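**Student:** Attaching a predicted model along with its sequence, questions to come.
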Amino acid sequence: MTTFPLSLSANWLSDIQTDDLTPTEQEWLFEPHSLTAKLKSKATSFSVKVLSEQAFNLSHEQQQLLGCKTSSALNREVLLLCDNNPMVYAQSWLPNNQTHNSLHNMGERPLGDVIFQQPELVRQNIEITRFDSKHSLQNLVTQLNLPTQTLLGRRSVFSLNDYQFLVAEVFLPGAYLYS
Ligand SMILES: C=C(O[C@@H]1C=C(C(=O)O)C=C[C@H]1O)C(=O)O
């Protein structure tokens, strides 16, 4: 039985040694625009499977990352699928805010299709990490019948005017980034 939210506890680095990454890994990890759009450009069909969407308090680290006084947030966890193959596990943290609940209850619409349409969107720096074969994330990989392997992930804080939210993405085995 999977308990959400999944832990993405890791050593997130904003200055990872890029010479440890292949050009393809760098291309995907540092993609500044919508990952949804990039995946759609590679696939015949694209879909979002919502794994969990729930009210959940931000951790102290997340509150610091977001400069957020409140801890209450909406946690959203999805799979992004290309041609019905799960490519990315994404976890977003949307602080509760009277003015910005437009990103709540997105259902199977990808966040990226909404936020990248907004000219005021600002993406702060992208942090990268690796999840080794012992990380608890591998339970999801096994449930998806995918092979255990070291996984690459990225996360960044986005701002829409004075509203900050956190998006993390983990590239699953078989993702284009590993090709
Ligand atoms: C932020 C984006 O939205 C994508 C879609 C998400 C969702 O629907 O929950 C979450 C993270 C992203 O992979 C993007 O396309 O870059």
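**Tutor:** Everything's here; your move. Numbers count the residues shown, from 1 in each chain.
**Student:** Every contact and neighbour count from this point should use C-alpha atoms.
**Tutor:** Fine.
**Student:** give me every residue that touches the residue nearest to Gly67 when sequence neighbours are not counted.
**Tutor:** Nearest residue to Gly67 in three dimensions, chain neighbours excluded: Gln164, at 7.9 Å (Cα to Cα, 6 or more residues apart in numbering). Going by Cα atoms under 8 Å, 6 or more residues apart in numbering, Gln164 touches 66-67, 94-95, 157-158.
**Student:** of those, closest to Ser52?
**Tutor:** The shortest approach to Ser52 among those belongs to Leu94, at 13.4 Å (Cα to Cα).
**Student:** For burial, what's the neighbour tally of that closest one?
**Tutor:** Neighbour count of Leu94, defined by other Cα atoms under 10 Å: 24.
**Student:** From the ligand, how far off is it?
**Tutor:** 10 Å (Cα to the nearest ligand atom, to the nearest Å).
**Student:** does that residue belong to a helix or a strand, and which?
**Tutor:** strand 85-95 (DSSP states H and E).
**Student:** follow-up on the earlier one: report the secondary structure state of the residue nearest to Gly67.
**Tutor:** strand (DSSP: H, G, I helix; E, B strand; the rest coil).
**Student:** Report the separation between it and Leu94.
**Tutor:** 8 Å (Cα to Cα, to the nearest Å).
**Student:** Over to Asp113?
**Tutor:** Asp113 is 16 Å from Leu94, by Cα to Cα.
**Student:** Then Gly112?
**Tutor:** In terms of Cα to Cα, Gly112 sits 14 Å off from Leu94.
**Student:** Show me which residues of this protein sit near the ligand.
**Tutor:** Residues of the chain found near the ligand, taking Cα under 6 Å from any ligand atom as the criterion, are 34-36, 78, 90, 109-112, 167, 169.
**Student:** Now with 5 Å, please.
**Tutor:** 34-36, 90, 110-112 (Cα under 5 Å from any ligand atom).
**Student:** now, among the residues you listed, which is nearest to Leu177?
**Tutor:** Leu35 (11.6 Å).
**Student:** and that closest one, what is it in contact with?
**Tutor:** Gly112.
**Student:** Now the phi/psi pair for it, please.
**Tutor:** Main-chain dihedrals, Leu35, degrees, to the nearest 10: phi -70, psi -30.
**Student:** Thanks again, I'm all set now.
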